[in-house]
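S.K.: quick one, structure for this:
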Amino acid sequence: MNLAHPRHSHPSDRAPEVPVDLPNVIITAATDGTLTTTVDGAEHPSPAAGPWTRASFGSLMDEITKDRTVSVRVEVRECDGGVFTDIIHARKPTPPARAVEHEPVPGTRRGRRAAAPRALRLIEVEGEGFLPGEDVAVAVIVSHTDAAGAGTARVLVDLDNLPPDSTSEAILFGRISGTTVVRRLQ
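M.R.: Numbers count the residues shown, from 1 in each chain. A predicted model of the protein is given here:
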């Protein structure tokens with residue numbers, strides 16, 4: 001350990017800031033798949049369309065976290081006695097899109113690039129075994145998705161966004177179930 005030259009941290013080295021006092025969300029799953037929810041001990045109402053279900057778990061989390069602008073501690077109590085806990089982090093705010101000041105001039109390098117839109121090279125990655133509605137991380141973390149009603153997660157990966165030396169594999173990781181699926185991209 002070299003005390004003469006301490007390592008300076010970079011803002012990207014730090015974990016996302018989480019408030020000291022997180023709202024505590026308790027979700028209890030019944031055998032029929034319905035969910036009852038409390039937030040800090042107060043009952044969270046079901047939508048007018050009917051009770052919360054495993055299939056609407058993602059929508060429930062979006063509602064409670066105000067579309068992921070509020071971090072919360074979540075505890076899911078399964079009907080078989082299993083308990084899963086996690087912290088759903090608020091997403092960093094997306095910076096506003098910059099307005100284009102000038103239209104590209106034809107014949108210039110910028111004008112030629114603007115005239116020829118890049119064709120997307122997308123590949124679909126799919127995996128099973130996730131809890132319906134659970135947040136599923138996608139790694140090389142390029143995106144997040146939610147599991148569908150049948151517990152299936154699906155994502156489109158833009159191959160041009162991957163680093164040139166990537167291993168050409170994608171990992172889907174269920175944030176609640178812990179399910180991990182690894183798929184080759186080519």
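
S.K.: not counting its neighbours along the chain, what's nearest Phe84?
M.R.: Val76 (4.6 Å; Cβ to Cβ, 6 or more residues apart in numbering). Every C-beta, even on glycine, is put in place using the N, C-alpha and C of the backbone.

S.K.: what about that neighbour, neighbour count?
M.R.: Neighbour count for Val76, taken as other Cβ atoms under 10 Å: 22.

S.K.: helix, strand, or coil at it?
M.R.: Secondary structure state of Val76, per DSSP: H, G, I helix; E, B strand; the rest coil, is strand.

S.K.: got it, and Ser56?
M.R.: Ser56 ends up helix, using three-state DSSP.

S.K.: for the closest residue to it other than its chain neighbours, grab the count of nearby residues.
M.R.: Distance criterion Cβ to Cβ, 6+ apart; nearest residue to Ser56, sequence neighbours excluded, is Gly133 at 6.2 Å. Residues lying near Gly133 (other Cβ under 10 Å) number 24.

S.K.: check contacts around the residue nearest to Phe84.
M.R.: Going by Cβ atoms under 8 Å, 6 or more residues apart in numbering, Val76 touches Ile27, Ala29, Val83, Phe84, Thr85, Ile176.

S.K.: gap between the third one and Asp32?
M.R.: As for Val83, its distance to Asp32 is 19 Å (criterion: Cβ to Cβ, to the nearest Å).
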